Structure formats: structure tokens, C-alpha cells
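Visitor: A predicted structure for the sequence below; I have some questions about it.
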There are 2 protein chains.
Amino acid sequence: MHDVARLAGVSIATVSSVINEKNGVSPKRTASVKDAMSKLDYHPDLVARSLKLGHTKVIGMIVPDVTNQYYPEVMRGVEDEARVHGYQLMLCNSNENPDQEQHLLSMLFSQRVDGVLLASSDSTAVYDRQIRRRFPIVFIDRLPSGCTERAVITNNVQAAYDATRHLISLGHKRIAIIAGNILLSTGSDRVAGYRQAMQEAHLPIREEYFRHGDFTLESGIQCGLELMNLKNPPTAIFSCNNKMTLGLMRSLTELNISCPKKVSVVSFDDFEWAANFTPQLTTVSQQTYEIGKSAMQMLLRIINSEKNKTQNKEDILMLQAKLLVRDSTTRAK
Amino acid sequence: MHDVARLAGVSIATVSSVINEKNGVSPKRTASVKDAMSKLDYHPDLVARSLKLGHTKVIGMIVPDVTNQYYPEVMRGVEDEARVHGYQLMLCNSNENPDQEQHLLSMLFSQRVDGVLLASSDSTAVYDRQIRRRFPIVFIDRLPSGCTERAVITNNVQAAYDATRHLISLGHKRIAIIAGNILLSTGSDRVAGYRQAMQEAHLPIREEYFRHGDFTLESGIQCGLELMNLKNPPTAIFSCNNKMTLGLMRSLTELNISCPKKVSVVSFDDFEWAANFTPQLTTVSQQTYEIGKSAMQMLLRIINSEKNKTQNKEDILMLQAKLLVRDSTTRAK
DNA sequence: ATCGAAATCTGAAACGTTTAAAAAACTTAT
DNA sequence: ATAAGTTTTTTAAACGTTTCAGATTTCGAT
């Protein structure tokens, strides 16, 4: 910057003014400064700027597993919205590990990010003053227990209800569920929706049809095998996320059980492969891109209201999911 | 920091020393400083530190599409290696858009990242002095034209050769290819491997069996339809990446053509769904995690050698891929 | 007690920006 | 030509660290 100033024959304050497009600098100077900047291939140092200004224009995003297609999709929404407002994204992976998550949170604080988007793997953590005071957080996908604001999630209860209703309407009575980690809202809410639909239809929820997975492929295989090896196996299965569905399908091929002929499957989370392989999966499709976009918008609103010291209350935004009926579900015989 | 110093009754220099675990500060002081730090919930300001030190301990990573499973997988490798050495990751999406890529590159420079991992969507760009001088770059996945060093990629020629050989060894003669963007090394190398195998087996490469896609799902559908609608359709298809394979499979279901009965398919890129649906895909599996890990290690070596001003020449590291034979390929009749 | 050396601590400058206040350079009206 | 007003430019202080040279304390030996 000093070099630019020297070359253009002005002070660094003037250079700063033209960089920030302040008015009050003559066209002549503006031109020569711009000229000098490109001659020297000068790019402003954002870390110095951040230090002075007290904000970094980067926001952190913590997800439990980048490798789960779901998160990159919401990231796209976040990124597009962020770019429009000049923010950069710092993506981090917590590996479903609460310790790692805490560690990342304090790292992001040290990096002085302007805000955080968090898909928490730790429902029990107290995201209170301690953390709250540091920077604005918007929760995505998963709602920590007791959280009543600043979040954007899918209406999981409704979505699971719809999925289960669909199976019921096809005449299924023996409907199993492969649940995820019920310590997470995504886990328990989907179970709640399933329960609700079953009860409404006066169908019993048999203990042996209620399987606890943990959102991983392995648990999907395990639960699938257990379920289909029962003396009285279910005629339909509701699997609570994409990875477990993958495992479930694997177990079905292993057991040489045909879907949907022998058993109908409805899955949470829709992805490209779900529609292009056999069987084409009936799934509950979340508005992933929208979740990311809305969450980023909410975060931006919070950041701005903090800047202007204006009051601002952001509630929980719940997006609807959509049931996509394809070939993996069929009428009960 | 001033507050910490005041509370502990020492100077900020001393605080700095204990933070950085310099020797030469008495146990007594150390204790009281640490005490004050936790009392005040003090976390060092990394942006100030970066300004002073001239490095940020963050490295940038630019990929063409986060939504392609492949990249999150290499990101895992990068991240694990980075964490060990205290580096943070800034992940960016270029959307396969060269302009966007240039823009990100200069943004990352302004952010003063210590290095960049780049899966470039722009083979023609001159990554020369201009960019090179700014920060160390290691190329991943895709080799820009003329690049002869500082890259870690898969041996795509060999991999494609293996895949094609596999089809040939099953007795196929009419073997089609759905190529990707041949302006990218991943596109042209895979074609080269295919050609090599075909020529070695004295099989003609028929113009109509040579299809140009662009690594997207849509192009996969398109090419699949064209191929199978030929009066003399191929008995085997080599598809050059995961997304196009998805499209290809879709086209087969649309046309009601059974794989592998009517046509064998071998795909590039192995993922969870490839092994768990019908047909279970025969794929070429890249060492995604290893690519990320090795690239990060290489970048670290470059960064360190620049710091010590020692000479250092990093060549292109080529990792082998592995052919996983599953159910989508079968003997020609 | 005093000295010298070793150990420990501190003051102040620097990193590259932004910005308010002061200064300088132009206008225009007299 | 000058005063007053307006526009443009510059000076200098700050942002939160690190670090080096110098200052202070501690301690063992005399």
C-alpha cells in the first residue's frame, strides 16, 4: 500500500479512499492510484483490514460429516447467499464428535469469524451466554435441546408423518422404522412423526419393528438384517436417513430380498442416486439448498442488527419436506 | 490481552510469552496468567497474530463442485492432515467456472492464506509467476496443461486402461466410452487409457461409440440415450465419472434396457451407492482420502521450504486407482 | 553485604489497514 | 488581491498481537 502511494505520488490515506470508493477524491488522483495498483499487482490485505475494522467478513460452518451429500447441498445455498453479501465461508467437519465441535467453535472464535452456522452433534451442550456472547450462531438441520430460536430446520415430524402415512395408505400394517440417533432432534422428530401416523391409524408399534441406528451405513445394514430375519418380518420399512438406507439396501441384497416386491422402503433424504438406480427410491426430500440460503439470510440479519444495535428476534424457521413417490414402495398384498 | 495482563499483574509481553509457551517465564507468573486468561475467557486474536507474523495458518481449497461426492472425500484427507499441523481449511466452490476460480484465487490471496489446493476448472489459465508468486499452489485431481510439478492426481490413463481391459477380457468388442470434458486432464487421460487398451486389442474405435459428455448427469443421460438408440448399440460402456454414470443408468431404465444383461457398464469413481444398489457397479476406485492427505503434505513441505528459504522441487505424485469388479459387467454373449 | 551472572520481565516498535481531524489546495465573490 | 467557503489531501492514532533490546529481579559465591 505504501508502494502504491509512493508510485502514485499520494498518501496512503488517499489510496485507502480509492480502494473503498469513498467520494471526495479527484478523478485525476483516482486514476493514477488505480494505475499504480494494477502496475504493482496490489491486493488489499484483508487481515489488516479485519484487525482495524473488527470484522472479518467470513462466517464459519460446522457440519458433522462433509461426506454426507446432505451437507454439501445446504452449503451451496449458504455459499450463494454469502457471496452476494461479500462473505466467505470457512467449512469445518466435526466428525459427529462433540469435543471436536467445541474445539472448532473456539477456533472459529479466535479466527474472529462474524458468525457461525452450526449443525450440532451435541444436543446436550449448553449453547448459552458463554458461546452466545462470542458471535451469532444459527443452527441448521439439528436443533439442540432447549433451543427456541435462531435455527432453520426441516419439519421432520411432518415429513416422517407423511412418509409413514404413505406406507399406511398402501395398505401396510407391519411397518418398521430404522431410527437415527434419538439424542438429536432429527432422530427424535422423525420417530415422533412415525408414531403419530401409526397411532392415528390405530396400528400397533411393535417393539421388534422399532430399530435404533445411528445414522451410519453400518447401522443400516445391521438393522436391516435384524428386521428381515424376524420370524414375522415387516412389509414396509421407514429408514430415517440416506446413509442408513444405503445400508438397508445392502442388507436386502445380501438376504436376496426384493424391494419392493417383498418389502417396501421409504427413505429420508433424496439424492441423485436415489432416482437412477433400481429400485428407484421413494424418499422424503428436504429443501437442502433453501435451508442453507435461509440460514445464511437469518445469520446476516442477526449480524446486521448487532452492528446497528437494533433489537432482533429470529424464530425457528421450519421448512417443509416433500414426499417423492417412486418404485421402492408398493401396495401391501 | 491487556485485561489479562492487568488482572495477572504482568505486562502484555509476558502474557504473549505464556500463550506461545516460550521458556523463560516463571511458574508463578505462568500460573497467574493462565488463571487470568480463563477467568476472562480470553482467546487470542488470530487476525492480529496473523498480521504480525505474516502467515495465517489457513489454506484455501478450491473445488469445482462440492456436491460431487469425490471432493468431500479428498477434503477429509486434507482436513485430517491439516489439523495435525495446526492449519485451517477455507473451502470454496468454483462451479466449474474459470472466472469464478480466478476470483476465488485473488480473494484467497487477499485473505493471505498460506497456500492453496486447487482442482482447476480452467486448463488454459496460465498459473505462472503472476499467481505462483503469491502463494504455493498444489494441484489436485486435475492437471492444468503444461503443469509438470506440484500436483497429486490419479493415474487416469492406467485406470481407464484397466477398466477397458476388463471389458475386453470379458469378450466385449463393441465398447463405447462416455468421455468427460477433454479440456481437463481427467477427461483426456481417461480417453487415452481407453484408446490404448482398444488399440492393443486391435479393436476399432468406432466414431459412433465415442461420446462426449461434460461430467454432468444430464450429459450422461444424453449420451446413454444416443448410444443405446444406435442401430448397432455397444455391448459395453465405459463411463468417465460418477455423475455421468448416474445419467447413463437413468437412460437405461428409461429405455428399459437391463444392465448387465444387455449392456455392461464400468464407471469411474466409487461411492457408497455404487455397491448397494442394483446393479452393483463395477467401478474404478480412486484413493480419494490419500489424494487429499498427500496433497496437503506436499503443500506443507513447500510452505516450510519457502519459510526456510531452502530449495525444494516437488514432482507430480500419481496415485493408482483400483478396479472393483461387481455386477454391472458380465461376459459378452 | 556486595558483585556478577543468570533468569525473568517490560517498553516500544512494528505488521497493513481505516478514519477523524487538521492542513492544504482550489473556488468564487468581493 | 483577499477572505470565505469548498473540496481535496495528509498526518497520526488506533486495531491486538509478537519480539527484541534493555531493565529489573533473583541467586549463588565471595
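Guide: That came through fine. Residues are numbered from 1 along each chain as shown, chains lettered A, B, ... in the order given.

Visitor: Over stretch A:66-81, what's the mean pLDDT, rounded is fine.
Guide: Here stretch A:66-81 scores 96 as its mean pLDDT.

Visitor: what distance separates that stretch from the centre of its chain?
Guide: When distances are taken as C-alpha atoms, centre = their mean, to the nearest Å, stretch A:66-81 is centred 7 Å away from the chain's centroid.

Visitor: Show me which residues of that stretch are buried.
Guide: Buried positions in stretch A:66-81, judged by neighbour count with 16 or more other C-beta atoms under 10 Å in any protein chain shown: A:66-79, A:81. (C-beta placed from N, C-alpha, C; glycine too.)

Visitor: Are stretch A:30-41 and DNA strand C in contact anywhere?
Guide: No: counting by C-beta under 7 Å from any atom of the strand, DNA strand C has no neighbours in stretch A:30-41; the shortest distance is 10.1 Å.

Visitor: Between its first and last residues, what's the separation in stretch A:204-212?
Guide: By C-alpha to C-alpha, to the nearest Å, the extent of stretch A:204-212 from end to end equals 18 Å.

Visitor: So which bits of that stretch are buried?
Guide: A:Tyr209, A:Phe210, A:Arg211, A:His212.

Visitor: and the third one, what element?
Guide: Put plainly, it is A:Arg211. strand A:210-212 (DSSP states H and E).

Visitor: Would you map the strands across the stretch 101-250 of chain A?
Guide: Assigned by DSSP state E, counting those that start in this stretch, the strands in the stretch 101-250 of chain A fall at A:115-118, A:137-140, A:151-154, A:175-179, A:210-212, A:236-239.

Visitor: At the contact with DNA strand C, which residues of chain A appear?
Guide: Going by C-beta under 7 Å from any atom of the strand, the residues of chain A near DNA strand C are A:1-2, A:12-13, A:16-17, A:19-20, A:42, A:44-45, A:48-49, A:51-53.

Visitor: The helix or strand containing A:Leu89 and chain B in contact?
Guide: Using DSSP H and E, A:Leu89 maps to strand A:88-93. Yes: with C-beta under 8 Å from any C-beta of the partner chain as the measure, strand A:88-93 is seen reaching chain B through A:Gln88, A:Leu89, A:Met90, A:Leu91, A:Cys92, A:Asn93.

Visitor: Closest to B:Leu143 out of those?
Guide: Nearest to B:Leu143 among these is A:Leu91, at 25.0 Å by C-beta to C-beta.

Visitor: who's in contact with the residue nearest to the closest one when sequence neighbours are not counted?
Guide: Ranked by C-beta to C-beta, 6 or more residues apart in numbering or on different chains and with sequence neighbours excluded, the top spatial neighbour of A:Leu91 is B:Leu91, at 4.3 Å. Under the criterion of C-beta atoms under 8 Å, 6 or more residues apart in numbering or on different chains, the neighbours of B:Leu91 are A:Leu89, A:Met90, A:Leu91, B:Met61, B:Val63, B:Val66, B:Met75.

Visitor: what's the neighbour count on the first one?
Guide: Yep, that's A:Leu89 we're talking about. Counted with other C-beta atoms under 10 Å in any protein chain shown, residues neighbouring A:Leu89 total 20.

Visitor: mind listing the helices for the stretch 101-250 of chain A?
Guide: Ranges of helices in the stretch 101-250 of chain A, per DSSP state H, counting those that start in this stretch, are A:129-132, A:156-169, A:185-200, A:217-228, A:242-255.

Visitor: Could you tell me the angle between the last one and strand A:175-179?
Guide: To tie it back to what came earlier, the one meant is helix A:242-255. Here helix A:242-255 runs at an angle of 130 degrees relative to strand A:175-179 (axes from the mean of the first three to the mean of the last three C-alpha atoms, to 10 degrees).

Visitor: And for the third one?
Guide: Going by the same axes, to 10 degrees, helix A:185-200 is angled at 170 degrees with respect to strand A:175-179.

Visitor: now what about helix A:185-200, what contacts it?
Guide: Counting by C-beta under 8 Å, 6+ apart, A:123, A:141-145, A:153, A:156-165, A:168, A:175, A:177, A:179-182, A:204-205, A:215, A:238, A:240-241, A:268 sit against helix A:185-200.

Visitor: could you give the mean pLDDT of it?
Guide: 97.

Visitor: So for the residue nearest to A:Leu91, what's the pLDDT?
Guide: 95.

Visitor: do A:Val25 as well
Guide: 88.

Visitor: For it, what are phi and psi?
Guide: Note on A:Val25: backbone dihedrals following degrees, to the nearest 10 are phi -130, psi 130.

Visitor: ok, how many other residues are close to it?
Guide: The number of residues packed near A:Val25 is 17, by other C-beta under 10 Å.

Visitor: Could I get the phi/psi values of the nearest residue to it once chain neighbours are set aside?
Guide: Among residues not flanking A:Val25 along the chain, A:Ser17 sits closest, at 4.9 Å (C-beta to C-beta, 6+ apart). Backbone torsions of A:Ser17, given as degrees, to the nearest 10, read phi -60, psi -40.
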